[in-house]
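A.B. asks: have a look at this prediction, sequence included:
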Amino acid sequence: MHRVGSDQGLSPRRGAGKYEKVLPPSGRRNCSTRSDQTRHALNPSPPNPLGGGGAVEVVGVDVPGVVRRGGEARLGCRWGGGGGRLYSLKWYLDDKEFFRYLPEETPSLLSRPLPGVNVDRERSTGEVVVLLGVGVGAGGRYKCEVVGAPPTFHTADKSATLTVLHVPETGPVIYGARHEYHPGELARLTCISPRAVPPPRLQWYINDRLAPPEYTSGLNTSKTSSDGLVESRLGLRFTVGAQHFQGGQLKLRCAATIPGLYHKTRQYSVGDGPAQLNVPVMESRDSAALAGDFMLMREAAPLIKA
């Protein structure tokens with residue numbers, strides 16, 4: 001199955017203002033004529049490193065499985081067939097085109113900005129695209145599409161998913177706690193996590209026991225900021241009884257967790273002595289531990305290949 005490689009007004013000759021010219025690694029700006037040396041600078045790899053004739057095909061797409069927000073991501077597209085000739089090679093994020101390589105056009109490399117996607121123009125060649133300062137918006141499904149040379153314009157593509165992480169360094173915060181509670185009074189508290197991606201899961205504990213579901217039912221919400229980070233909120237509502245006091249104290253604790261990456265808690269205690277609010281407990285983990293968990297995750301799945 002194939003389709004004609006029409007760009008619907010998005011080619012370099014039409015609508016060029018929607019794209020940004022990508023300079024060759026040498027930094028040369030005079031691209032009105034293309035010598036063999038310039039062509040090699042723009043595409044240092046052979047036109048078809050895998051060889052073979054027939055219809056063009058995408059052999060594989062290499063995408064990092066997990067990248068920290070603000071980090072670097074290197075995307076690779078391996079193709080073959082088509083007699084080693086291409087009309088175009090394009091990159092999409094969730095079906096939105098952001099980079100194209102047209103070997104017979106001038107300029108041959110063009111990029112279009114997307115939220116969170118910042119192409120390194122010096123190191124991107126088409127078959128390889130390097131993203132710098134990855135934002136939350138860069139997470140999603142990346143597709144490499146190749147279109148063979150005329151007259152057939154055979155088309156093929158493959159995709160792989162990239163996940164962007166932002167792990168906070170601080171713990172959750174408790175709001176609404178009172179200095180003292182008496183049996184029969186209504187306790188209404190809210191736990192708010194730091195902004196993160198993916199959002200932390202929140203849980204309430206009463207005297208080191210998980211709060212009954214009816215105490216938190218319908219009180220789980222989230223808020224997404226303009227930069228894509230998510231703040232989680234979980235309320236706790238119950239009528240205080242004598243059974244909630246153990247040794248004269250009532251302990252209320254909120255835990256925020258991103259499995260394998262992040263676990264911090266905040267505790268509020270009220271009883272015979274002065275009330276204690278927002279006191280970190282022993283199971284909170286420092287940034288060094290988080291970094292170690294992240295590296296283990298990277299080692300387990302360093303690269304997604306499709």
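C.D. replies: The structure has been received and is ready for your questions.

A.B. asks: CA only for contacts and neighbour counts going forward, please
C.D. replies: Will do.

A.B. asks: do a quick rundown of the helices in this protein.
C.D. replies: 36-42, 213-216, 287-300 (DSSP state H).

A.B. asks: pLDDT (mean, whole number) over the last one?
C.D. replies: Read that as helix 287-300. Average pLDDT, helix 287-300: 38.

A.B. asks: list the buried ones in stretch 212-221?
C.D. replies: Using 16 or more other Cα atoms under 10 Å as the test for burial, stretch 212-221 gives 215-216, 220.

A.B. asks: hang on, Asp120 packs against Gly126?
C.D. replies: No - using Cα atoms under 8 Å, Asp120 is not in contact with Gly126; the gap is 11.4 Å.

A.B. asks: how near is Trp79 to Asp157?
C.D. replies: 9 Å (Cα to Cα, to the nearest Å).

A.B. asks: which neighbours do the two share?
C.D. replies: 57-58, 146 (Cα atoms under 8 Å, 6 or more residues apart in numbering).

A.B. asks: and for the nearest residue to Val61 once chain neighbours are set aside, the neighbour number?
C.D. replies: Distances taken as Cα to Cα, 6 or more residues apart in numbering put Cys77 closest to Val61, at 4.7 Å, once the chain neighbours are dropped. Cys77 sits with 26 neighbouring residues when counted by other Cα atoms under 10 Å.

A.B. asks: more neighbours: which of Asp120 and Gly126?
C.D. replies: Counted by other Cα under 10 Å, Asp120 and Gly126 do not tie: Gly126 has more neighbours, with 25 against 17.

A.B. asks: could you check how far that one is from Arg100?
C.D. replies: Distance, Gly126 to Arg100, by Cα to Cα: 7 Å.

A.B. asks: which residues do those two both contact?
C.D. replies: In contact with both Gly126 and Arg100: 89-90, 109, using Cα under 8 Å, 6+ apart.

A.B. asks: who wins for most neighbours among those residues?
C.D. replies: Leu109 (26 neighbours).

A.B. asks: one step back: got TSV for the shared contacts of Trp79 and Asp157, with distance to His244 too?
C.D. replies: Formatted as TSV, those follow (distance: Cα to Cα, whole Å):
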residue	distance to His244
Glu57	66
Val58	62
Val146	65
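
A.B. asks: now, those that are in strands?
C.D. replies: The strands, defined by DSSP state E, take in 57-58, 146 from those.

A.B. asks: buried ones in stretch 222-238?
C.D. replies: Buried residues in stretch 222-238 (16+ other Cα under 10 Å): 228-238.

A.B. asks: quick one on the thing from earlier: pick out whichever of Trp79 and Asp157 has more residues nearby.
C.D. replies: Shown here are Trp79 and Asp157; by other Cα under 10 Å, Trp79 has more neighbours (27 against 20).

A.B. asks: is that one bridged to anything, and to what?
C.D. replies: Assessed by DSSP bridges, Trp79 has beta-bridge partners Val58.

A.B. asks: against Thr155, how distant is it?
C.D. replies: 11 Å.

A.B. asks: next, show the common contact partners of the two.
C.D. replies: Common neighbours of Trp79 and Thr155 (Cα under 8 Å, 6+ apart) are 56-57, 146.

A.B. asks: what's the end-to-end length of stretch 136-152?
C.D. replies: One end of stretch 136-152 to the other measures 38 Å (Cα to Cα).

A.B. asks: buried residues, it. List them.
C.D. replies: 136-140, 142-149.

A.B. asks: quick one: the strands in the stretch 201-306 of the chain?
C.D. replies: Under the criterion DSSP state E, counting those that start in this stretch, strands of the stretch 201-306 of the chain are mapped to 201-206, 209-210, 220-224, 230-239, 250-258, 262-270, 276-279, 304-305.
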